[in-house]
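Visitor: curious how this folds, go ahead:
(chains A and B)
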Amino acid sequence: MSLVSPLNKVLGLGSAKGGSEHWWVQRLTAVALIPLGLWFIFALAGLQDFAYSTVVAWFSRPLTSIFMILLVLTVSYHSYLGVQVVVEDYVHGKVIKTVTLVLTTFAHIFVGCAGVYAILRVGFGA
Amino acid sequence: MAQFKLPANSRVKPGKDHGGAKDAPNKREFQVYRYDPATGENPSVDQYSIDMDECGPMVLDALITIKNEIDPTLSFRRSCREGICGSCAMNIDGTNTLACLKPVEEVKGPVRIYPLPHMPVVRDLVPDLTNFYAQYASVKPWLEAKTPPPPDRERLQSKEDQEKINDPSACILCACCSTSCPSYWWNSDRYLGPAALLQAYRWIVDSRDESTGDRLDALEDPFRLYRCHTILNCTKACPKDLNPGKAIAEIKKMMTDRQH
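Guide: Sure thing, here's the model as predicted:
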């Protein structure tokens, strides 16, 4: 039996005064992924062949590199926001939730950085 | 972590067959969730047979027949029997609805009757709605205005403004929507749920209310409002044909409207 009133429990720590930005950016990245995703599929399908040299040559074009970086960063950020919501939905222990949120944040930053590094490396022909 | 099995004391066992009108030509089988905390036993599903020629058409009529004629120990809430009090909300044939508005005819095969999902059960079909009502209270469901009302009359409202609150005011707080929402199942301690949010919306759009900003401030929270992932079970479940999903979407739009 808890002696805390039901209303007190619902009010909890009060409003976090945030959440709209998260919601907005998740939609914004989703909208951005429509043209970026379509561009990626059609540009890749439009290559005359998938030989290593052809793909590297395509990647080396400045606009390709820029769009690829945009795609990788948008996908990483969108996924980061989405996975964060999934963790908050389903992972309930305070410690395990915090640890999972920290690890998924690190993982997404790593994937984003690795993607950008790979694109620049191919783009600059290193 | 997420739980994939019910806790040991919540697992439902097969229950008793109470018989009833087994030989009636127009009989229907009812499988009803039973739980009595006094016995310390797990919940079970009991069987009853009803002669539909001797019973009213709705599921609530069948439950009342069971209680009156077969098994007086069956507990459920009911009052108005015409869909205006919201007492007899339960899960019938896998869907949350009001027993008094659900015709037995619409159900194929045995009629399975369970309490509203994912709520603590007081007994049989009676869920504990304490948290649900506290959430309703937390959205301050009353008019807040600094401007005093005219001394000689009530606060006036245009016809168009009244139409905005017609639908959300028709909510009977039966809890069918909130208890059908998976997001509410997992996070009802922090997510307010569709019913409370529909009522928050009802006061946000009320043209006479002067606390719109404070009301939006209180909802500006990753859990209270934004646990809604637009699953829309709420709108599908509402036995009054209201649209809590749309109301929540409108609140989210207002949140961005005041930012951009």
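Visitor: most proximal residue of chain A with respect to chain B?
Guide: In chain A, the residue that lies nearest chain B is A:P6 (3.5 Å; C-beta to the nearest C-beta). Placement of C-beta: from N, CA and C, glycine included.
Visitor: you'd agree that residue is up against B:Y136?
Guide: No: the pair A:P6 and B:Y136 does not pass the contact test of C-beta atoms under 8 Å, sitting 10.5 Å apart.
Visitor: before we move on, the earlier item: excluding sequence neighbours, find me the nearest residue to the residue of chain A closest to chain B.
Guide: Nearest-residue entry for A:P6: B:A134, 3.5 Å, with adjacent residues in sequence omitted and distances by C-beta to C-beta, 6 or more residues apart in numbering or on different chains.
Visitor: quick check: mean pLDDT across stretch A:111-125?
Guide: Averaged over stretch A:111-125, pLDDT sits at 94.
Visitor: circling back: can you pull the phi and psi angles for the residue of chain A closest to chain B?
Guide: For A:P6, the backbone dihedrals are phi -60, psi -40 (criterion: degrees, to the nearest 10).
Visitor: in contact with it, which residues?
Guide: Residues in contact with A:P6, defined by C-beta atoms under 8 Å, 6 or more residues apart in numbering or on different chains, are B:130-131, B:133-134.
Visitor: okay, now the unreliable bits of the chain?
Guide: No chain in the question, so chain A it is. Counting by pLDDT under 70, the low-confidence segments of chain A come to A:1, A:126.
Visitor: if you could check chain B rather than the one you did, that'd help
Guide: B:1-3.
Visitor: how does it divide into domains?
Guide: When chain B is parsed into structural domains using automatic domain parsing, the resulting residue ranges are B:8-127, B:130-257.
Visitor: what's the closest of the ones you listed to A:S2?
Guide: For A:S2, the closest of the domains of chain B is domain B:130-257, at 10.5 Å, according to C-beta to C-beta.
Visitor: ok so, going back, surely the residue nearest to A:P6 is within a helix?
Guide: Yes: when classified by DSSP: H, G, I helix; E, B strand; the rest coil, B:A134 is found to be part of a helix.
Visitor: residues of chain A that sit close to chain B?
Guide: By C-beta under 8 Å from any C-beta of the partner chain, the residues of chain A that approach chain B are A:5-7, A:9-12, A:15-24, A:85, A:88-93, A:96.
Visitor: what's the neighbour count on the residue of chain B found nearest chain A?
Guide: Scanning chain B for the residue nearest chain A gives B:A134, at 3.5 Å (criterion: C-beta to the nearest C-beta). Residue crowding around B:A134 was assessed by other C-beta atoms under 10 Å in any protein chain shown; the count is 17.
Visitor: residues in contact with it?
Guide: A:5-7, A:9-10.
Visitor: ok, it to B:C176 distance?
Guide: Per C-beta to C-beta, to the nearest Å, B:A134 is found 18 Å from B:C176.
Visitor: what of B:E82?
Guide: Here the criterion is C-beta to C-beta. By it, B:E82 lies 16 Å from B:C176.
Visitor: and the helices in chain A, which stretches?
Guide: A:6-11, A:20-45, A:52-60, A:62-90, A:94-123 (DSSP state H).
Visitor: ok, now the stretch 101-250 of chain B?
Guide: Per DSSP state H, counting those that start in this stretch, the stretch 101-250 of chain B carries helices over the ranges B:130-138, B:159-169, B:182-187, B:193-204, B:212-219, B:233-237, B:244-257.
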